[in-house]
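Chemist: Quick one: sequence and predicted model below, then my questions.
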Number of protein chains: 2
Amino acid sequence: MSKNNILTEILGKIKPTLDEQQKMQKVADHIISLVDQVAAGSGLTDVSGTLVGSAARGTWISGEHDLDIFITFPEVTSNEELKNLGLKIARQVSASADRFEERYAEHPYIHALFNDFEVDLVPCFRVESAAQIKSSVDRTPFHNQFILEKINGLEDEVLLLKQFMKGAGVYGSDLRTGGFSGYLAELLIIHYGSFIAVLEAADGWKPAITIDIIEHGNKQHNDPLVMVDPTDPGRNVAAALTLDRFAGFIDRARQYLDSPGLEQFFPSLAAPLSDAEFESIMTERGTFLIAVVFDKPDVVEDVLYPQLFMLHSSIKDLLSRHKFPLLNVDVWAGDNEAAILLEIEVLHLPPVKKHAGPPVWEKIHAGSFKKKYIENKGISGVYIENGRYMVDIQRKYTDAAELLRNDLHACRLGKHVGENIKSGFKVLYGRELLKVNFQSFREFLTGFFHQNINQ
Amino acid sequence: MSKNNILTEILGKIKPTLDEQQKMQKVADHIISLVDQVAAGSGLTDVSGTLVGSAARGTWISGEHDLDIFITFPEVTSNEELKNLGLKIARQVSASADRFEERYAEHPYIHALFNDFEVDLVPCFRVESAAQIKSSVDRTPFHNQFILEKINGLEDEVLLLKQFMKGAGVYGSDLRTGGFSGYLAELLIIHYGSFIAVLEAADGWKPAITIDIIEHGNKQHNDPLVMVDPTDPGRNVAAALTLDRFAGFIDRARQYLDSPGLEQFFPSLAAPLSDAEFESIMTERGTFLIAVVFDKPDVVEDVLYPQLFMLHSSIKDLLSRHKFPLLNVDVWAGDNEAAILLEIEVLHLPPVKKHAGPPVWEKIHAGSFKKKYIENKGISGVYIENGRYMVDIQRKYTDAAELLRNDLHACRLGKHVGENIKSGFKVLYGRELLKVNFQSFREFLTGFFHQNINQ
């Protein structure tokens, strides 16, 4: 299939039909008019609803039913008023929704379901410029305005890039993914001009590549990709992008330019491993799998994942301090439980370990070291190596699973994950992992062994 | 026992009796007169015998029957003449010995046995000063002269220091021991004034401590102890002293000053381990013992030991490159065989290992790495970690003993040890070590587990 035919076929799958677009517009118009009516009914003639995000810009992918409707207040509104009145209006609007709930970011907002559309009703301030925002969501209307001015005719290119990024596992600026946001994808298209031009550019990217569309950046950033926000000279739109997502995109871009295919937009998922496959992989690898499983804290993903990553890094440090060589590690969160999965090279270390003391000529320290190990005998006597006193002592943990069971609670842990770890956790080992009764955990195990495989 | 009583008792054991001294003097005088007669008989009136070394200085320990008799030639003698005439005289003198053999240092010399005395008959040049020596042995008469001038009345202190150093395992400047030479011990006594004063000084030594008795040193040395040779301003008498022998002496000096005892001069040797003791130690330690055993090259110790140490360091590097963690290592040489003994923490590693490629953004290298591992599949696909391509590949050696069996011959090895390793070696593991049928190897194993124990 030719390059153009591939893109045409992909667009056929991801571009909303006219019918779909009209339906979306109808729902959005209806909700916005509800916002305006409710505000007017409360005497707030200066408060109005506005559609922002990809739905407003014609850069949403067919089948996505997400609407971001902002309830905009004049800049003079106090924080307290915005919070109270904003929520009051959002609640009244949602009275006609199928269901709704309050959610919390910098300010509270309402998440509602209207006719199969997931709608966020978000109060914000209408400020003069993005440099004067009073809360982080106030920036969105400026993004909207900039994209609307520049994107005309490039919407399909944005759709292709977003779907390609999804296929590559690098789409989403949430803290779990650490990938490219929709706004970043739009800016890349505006800067380079087309989907293929972005891929060709990425082929030559190196860390610290900087793009400044309107050439107004005024701050240094230490990130793999710096996309200066056209609406705010001090902000890097790509701040959430991790080095591995950055590299992953470069890798996939090259691969597509070399041999383009539909499957790069819609990769097939590996079938979950069967028990037999799992055991045969473990035999082939000869390593040891350990999972630390605990109750998942009831917090949003952007709170949960940084804490899972911190747990991951604390466990890495703990194993390294005790000399257990770690090969791979990953985190998982299911509906009610969360886990860290560890693949280690050596499960058992000998009961003896060397303990190094001070150089013999450091009289005071050397004296107390020697005294200590004469009174409290090690496995060996005190001997000299490279000028230092040494003693062979009992290793505290000869088994990595036992180390985790006993010392994990004492590690540096995030608030919610820490509380749940302290109230209890399981350490599962090898075949025990197959007893974890969640399909999504099995899918995670499958992904763990296929991670980032590009062939 | 009081400090003085201990020293008196030790001197009683190590100081030659008058009878012993007279006997030694008689043998020395006899051989020297033989040298003079033989030289005169060949018309070499300017060649004469002279006694040097500890026997000449009254600093030899009772029971030692070593005589160094130098055959001194005028400075104008050519190298060739010295070699030929020197050997000729030494051979004629040795005609009346019980047995003798030629040995080789910088020049050949004769080692002979006269009435239970081990005698070295060494040709040398009589030069103006130690700075003008023509071969390294020419320095010895100058050492002799310096010590004889200064040692008067301090001979017993030298005896005590030498015996103490023997007890501490730090006596001998041969390349196996890397300890203190007799001349160095004498200079320490001359500098500090007494055995106890040397110990008190050592208590405060730090590496790079420099002693320059006649304050004429003219060269920087990078050694733990620098004793500027009073007969040669550019030479460090302590150049052969290793950091661990230096530290070992400091350690023993402190221990003696804290609680003096006879056993520090004459430590009791640990009884060789029985099979049962060996096995119980191995169980307690939980480590893995491997010995590489091969035919001992037929060379002197000062040639053999540096090559054994080089083998030791090559094996350390080999194991480290292949990620087998090494705990302890030592070398052994018996009558006909030699060995390296290794104690490792982990005998087996998993079949899989991570192989890191270039950063993804290094286009050319990244491309060829990825191509290579797509054609020649690893255990995993190519994935990305910290911005680099990675692939899990088959570990070449999962067993440390197998690694040694296959790759040892390719290591950097000394000439003689290398030849013997290439012609064959055994890798013994665990209980197999108990089958090595030499008492001295069992003693070595015993020492390995008691090495440097100070309690």
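Modeler: Received it, and whenever you're ready, just let me know what you need. Note that the structure is predicted; figures quoted are calculated from it, not measured.

Chemist: Tell me the residues of the stretch 301-450 of chain A that contact chain B?
Modeler: Residues of the stretch 301-450 of chain A found near chain B (C-beta under 8 Å from any C-beta of the partner chain) are A:323, A:325, A:327, A:345-346, A:349-352, A:354, A:359-361, A:363, A:366-367, A:370, A:374, A:377, A:379-389, A:392, A:398, A:449-450. C-beta: built from backbone N, CA, C; applies to glycine.

Chemist: Which among the residues you listed count as buried?
Modeler: A:325, A:327, A:345-346, A:349-352, A:354, A:359-361, A:363, A:366, A:370, A:379-385, A:387-389, A:392, A:398, A:449 (16 or more other C-beta atoms under 10 Å in any protein chain shown).

Chemist: Just give the closest residue to A:I110, not the sequence neighbours.
Modeler: With C-beta to C-beta, 6 or more residues apart in numbering or on different chains as the criterion, A:I110 has its nearest non-adjacent residue at 3.9 Å, and that residue is A:A90.

Chemist: Check the secondary structure at A:I71 for me.
Modeler: strand (DSSP: H, G, I helix; E, B strand; the rest coil).

Chemist: Quick check: beta-bridge partners of it?
Modeler: Beta bridges link A:I71 to A:G49, A:P123, judged by DSSP bridges.

Chemist: That one against A:V122, yeah?
Modeler: Yes - here A:I71 reaches A:V122: they are 6.8 Å apart, a contact under C-beta atoms under 8 Å.

Chemist: Counting neighbours around each, name which of these two comes out higher.
Modeler: A direct count of neighbours by other C-beta atoms under 10 Å in any protein chain shown for A:I71 and A:V122 places A:I71 higher, at 27 against 24.

Chemist: do you know how far that one is from A:C124?
Modeler: Note on A:I71: its distance to A:C124, by C-beta to C-beta, to the nearest Å, is 7 Å.

Chemist: cool, and A:N152?
Modeler: Using C-beta to C-beta, A:N152 is found at 25 Å from A:C124.

Chemist: So between these two, which is more surrounded?
Modeler: Legend: neighbour count by other C-beta under 10 Å for A:N152 and A:C124, higher for A:C124 (26 against 9).

Chemist: residues touching that one, list them.
Modeler: A:F70, A:I71, A:T72, A:F73, A:L82, A:S135, A:V137, A:D138, A:T140, A:P141 (C-beta atoms under 8 Å, 6 or more residues apart in numbering or on different chains).

Chemist: With respect to B:I6, which of those residues is nearest?
Modeler: Minimum distance to B:I6 across the contacts of A:C124 is 84.5 Å, recorded for A:S135 (C-beta to C-beta).

Chemist: What's the local residue count around the nearest residue to that closest one once chain neighbours are set aside?
Modeler: Here the nearest residue to A:S135 in space, its sequence neighbours aside, is A:E106; by C-beta to C-beta, 6+ apart that works out to 5.0 Å. A:E106 sits with 11 neighbouring residues when counted by other C-beta under 10 Å.

Chemist: for A:E80, same thing?
Modeler: 8.

Chemist: mind checking the SS state of the nearest residue to A:L199 once chain neighbours are set aside?
Modeler: Leaving aside its sequence neighbours, A:L199 sits nearest to A:A253 (C-beta to C-beta, 6+ apart; 4.0 Å). Secondary structure, three-state DSSP: A:A253 is helix.

Chemist: And A:H221, by the same measure?
Modeler: coil.

Chemist: looking at it, it is touching A:V237, isn't it?
Modeler: No - assessed by C-beta under 8 Å, A:H221 is found out of contact with A:V237, at 10.2 Å.

Chemist: which ones are touching A:V228?
Modeler: Per C-beta under 8 Å, 6+ apart, neighbours of A:V228: A:T210, A:I211, A:D212, A:I213, A:H216, A:G217, A:R235, A:N236, A:V237.

Chemist: Among the residues you listed, which one lies nearest to chain B?
Modeler: Nearest to chain B, judged by C-beta to the nearest C-beta, of the contacts of A:V228 is A:T210 at 14.3 Å.

Chemist: just to revisit the earlier point, neighbour count for A:H221 and A:V237, which is higher?
Modeler: Shown here are A:H221 and A:V237; by other C-beta under 10 Å, A:V237 has more neighbours (24 against 17).

Chemist: Using CSV, write out every CA atom in the helix or strand harbouring A:E284.
Modeler: Using DSSP states H and E, A:E284 sits within helix A:275-285. What follows is helix A:275-285, C-alpha atoms only, in CSV (Å, rounded to 0.1, in the frame of the first residue of the first chain):
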residue,chain,number,x,y,z
ASP,A,275,0.2,-20.2,32.5
ALA,A,276,2.3,-22.4,30.3
GLU,A,277,3.7,-19.5,28.3
PHE,A,278,4.6,-17.7,31.5
GLU,A,279,6.4,-20.7,32.8
SER,A,280,8.3,-21.3,29.6
ILE,A,281,9.4,-17.6,29.5
MET,A,282,10.6,-17.8,33.1
THR,A,283,12.5,-20.9,32.4
GLU,A,284,14.2,-19.4,29.3
ARG,A,285,15.1,-16.3,31.2
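
Chemist: Residues contacting that helix, please?
Modeler: A:273, A:289, A:343, A:430-431, A:433-434, A:445, A:449, B:350-352, B:379, B:392.

Chemist: can you do 7 Å?
Modeler: Around helix A:275-285, the neighbours that count as contacts under C-beta atoms under 7 Å, 6 or more residues apart in numbering or on different chains are A:L289, A:G430, A:L434, A:L445, A:F449, B:P350, B:P351, B:V352, B:I379.

Chemist: Can you get me a residue count around the closest residue to the fifth one other than its chain neighbours?
Modeler: Just to be clear, that refers to A:F449. The spatial neighbour of A:F449 that comes closest, neighbours along the chain excluded (C-beta to C-beta, 6+ apart), is A:I281 at 5.7 Å. Residues within reach of A:I281, counting by other C-beta under 10 Å, total 18.

Chemist: try the one 4 residues further on
Modeler: Neighbour count of A:R285, defined by other C-beta under 10 Å: 21.

Chemist: what residue lies at the spatial centre of chain A?
Modeler: With distances taken as C-alpha atoms, centre = their mean, A:R176 lies nearest the centre of chain A, 1.9 Å away.

Chemist: For the residue nearest to that residue when sequence neighbours are not counted, what is the enclosing helix or strand?
Modeler: Distances taken as C-beta to C-beta, 6+ apart place A:Y305 nearest to A:R176, at 4.0 Å, with adjacent residues excluded. Under the criterion of DSSP H and E, A:Y305 resides in helix A:301-321.

Chemist: how far out from the middle of the chain is that helix?
Modeler: The chain centre lies 14 Å from the centre of helix A:301-321; the measure is C-alpha atoms, centre = their mean, to the nearest Å.

Chemist: What is it packed up against?
Modeler: strand A:326-333, strand A:337-344, helix A:400-407, helix A:415-422 (3 or more C-beta pairs under 7 Å, 6 or more residues apart in numbering or on different chains; DSSP states H and E).

Chemist: Give me the mean pLDDT for it.
Modeler: The pLDDT scores in helix A:301-321 average 95.

Chemist: buried stuff in that helix?
Modeler: Applying 16+ other C-beta under 10 Å to helix A:301-321 flags A:L304, A:Y305, A:Q307, A:L308, A:F309, A:M310, A:L311, A:H312, A:S314, A:I315, A:L318, A:L319 as buried.

Chemist: cool, stretch A:210-230 as well?
Modeler: A:I211, A:I213, A:G217, A:H221, A:D223, A:P224, A:L225, A:V226, A:M227, A:V228, A:D229, A:P230.

Chemist: Just the closest of these to A:S42, please.
Modeler: A:D229 (33.8 Å).

Chemist: mind checking which helix or strand the residue nearest to that closest one when sequence neighbours are not counted is in?
Modeler: Among residues not flanking A:D229 along the chain, A:R235 sits closest, at 4.1 Å (C-beta to C-beta, 6+ apart). Assigned by DSSP H and E, A:R235 belongs to strand A:232-236.
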